[in-house]
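A.B. asks: I'll drop the sequence and a predicted model, then ask my questions.
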Amino acid sequence: MYPPIIDVIIPAFNEENAVGNVVKDLPRSRVREVVVVDNNSRDDTRRAAEEAGATVLDEPRQGYGYACLKGIEYLRNKPTPPDVVVFIDADYSDHPEELPLLVDYLTTNNLDMVIGSRALGKREPGSMTPQQVFGNWLATTLISRLYGVHYTDLGPFRAVRYTGLLEMDMQDTTYGWTVEMQLKAAKMGFRTGEVPVTYRRRIGHSKISGTVKGTLLAGYKILSWIFKYR
């Protein structure tokens, strides 16, 4: 699988000021197609993504997981499937140019999934709220104790083998998408790893960690997945 065929899925909701930067900064010599899923945005997210060179899909059902599932459905219908799927957020908090760090670590070590860990990498001050830092620590600690797999982060920047992604049969439609993937990888005995990634303050206002309601809902969904799937 070298060089691997890499497709990127970017879920996006009201990210007109950021998504174009994400698409442009991806190393296009390594990526076959960038798929932005416009998740019922009320701004010019679609236009910004298209102008940057992405394929744009519409997913009117609100939810991070819905958007990711739409992207996977699109890849299923391609004549030649990818070898690796990379997920990255549209808010420009991760560094898209670091994609090779994840993919090369995956392929070199024959892994099934690699998480870009903000906990291991360099974070710009203020890029993660205190509740995000605590939530990641709590979730990864519970996963380690209950499932015997050590993660340091639930970061959205990740590379997954396409065949493994299909085997996981992802179901979550909202906030629990990342933790569902990591739990299923643990339960299925997938070979996983982490690489440090650089993290900066996002462009615009977070729809999850930026509100009390969003933070509580995300925390509840993550914890419910951890205990339910056990």
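C.D. replies: Arrived safely. Computed from a predicted structure; not experimentally measured.
A.B. asks: against residue 202, how distant is the residue most central in space within the chain?
C.D. replies: Closest residue to the average C-alpha location of the chain: residue 156 at 3.0 Å, with C-alpha atoms, centre = their mean. From residue 156 over to residue 202 the distance is 11 Å, taken as C-beta to C-beta, to the nearest Å. (Glycine included, C-beta is placed from N, CA and C.)
A.B. asks: rewinding a little: got the contact list for the residue nearest to the centre of the chain?
C.D. replies: By C-beta atoms under 8 Å, 6 or more residues apart in numbering, residue 156 lies in contact with 87-89, 94, 178.
A.B. asks: do that again at 7 Å, thanks
C.D. replies: Contacts for residue 156 (C-beta atoms under 7 Å, 6 or more residues apart in numbering) come out as 87-89, 178.
A.B. asks: which stretches of this protein have low pLDDT?
C.D. replies: For the chain, the stretches flagged by pLDDT under 70 are 1, 205-218, 220-221, 229-230.
A.B. asks: repeat that for 50
C.D. replies: For the chain, the stretches with pLDDT under 50 are 209-210.
A.B. asks: where does the residue lying farthest from the centre of it sit: helix, strand or coil?
C.D. replies: Ranked by distance from the centre of the chain (C-alpha atoms, centre = their mean), the top residue is residue 79, with 24.1 Å. Assigned with DSSP: H, G, I helix; E, B strand; the rest coil, residue 79 falls in the coil class.
A.B. asks: what's the neighbour count on the residue nearest to residue 17 when sequence neighbours are not counted?
C.D. replies: Leaving out its chain neighbours, the residue that sits closest to residue 17 by C-beta to C-beta, 6 or more residues apart in numbering is residue 203, at 5.2 Å. Number of residues near residue 203 (other C-beta atoms under 10 Å) recorded here: 16.
A.B. asks: hang on, the earlier thing: state the pair within the contacts of residue 156 that is farthest apart.
C.D. replies: 88 and 178 (11.9 Å; C-beta to C-beta).
A.B. asks: neighbour-wise, which of those two wins?
C.D. replies: The residue with more neighbours, out of residue 88 and residue 178, is residue 88; 29 against 24, by other C-beta under 10 Å.
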